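S.K.: Dropping the sequence and predicted coords here.
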Amino acid sequence: MTQIDSTLLAKLEKLTSLEIEEEKRASTIQEIGKIVDFVENLSELDLHDKDASFTTIEGGTPFREDVPSNDSEIIKTILEHAPKSSDGFFIVPKIIE
């Protein structure tokens with residue numbers, strides 16, 4: 001069983017770029033410990049006879065046929081709903097100077 005302590009929590013904070021408030025550190029350690037225990041319980045399941053890609057849907061997933069469409073009105077319809085557009089393109093705020 002993996003022991004969650006302040007040192008491991010500090011490493012997790014650094015990896016996730018998060019900062020946990022001092023008063024919440026103890027409860028966070030307990031919560032992470034419960035999650036790790038749950039995941040370790042999953043490793044006890046006997047899944048040797050299960051396919052890694054099994055599904056609960058009988059008959060598979062219904063897919064639509066992938067048919068390309070070349071409708072020139074689509075661009076016009078989409079741009080009509082855009083906040084700003086010009087010459088067939090969206091106009092967006094500048095984000096790089």
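M.R.: Looks like it came in fine. Note that the coordinates shown come from a computational prediction; the quantities given were computed from them, not determined experimentally.

S.K.: Quick check: pLDDT value at the residue nearest the centre of the chain.
M.R.: Geometric centre of the chain, nearest residue: Thr16, 14.7 Å, by CA atoms, centre = their mean. Thr16 carries a pLDDT value of 92.

S.K.: what does the one 5 residues further on give?
M.R.: Glu21 is assigned a pLDDT of 94 by the prediction.

S.K.: what does the one 3 residues further on give?
M.R.: On pLDDT, Lys24 comes in at 94.

S.K.: I'd like to know how many residues surround it.
M.R.: 10 (other CB atoms under 10 Å). Where you see a C-beta, it was placed from the backbone N, CA and C, and this is true even at glycine.

S.K.: again, but for Ile4
M.R.: Neighbours of Ile4 under the rule other CB under 10 Å: 19.

S.K.: isn't it right up against Ile35?
M.R.: No - under the criterion of CB atoms under 8 Å, Ile4 makes no contact with Ile35, lying 9.1 Å away.
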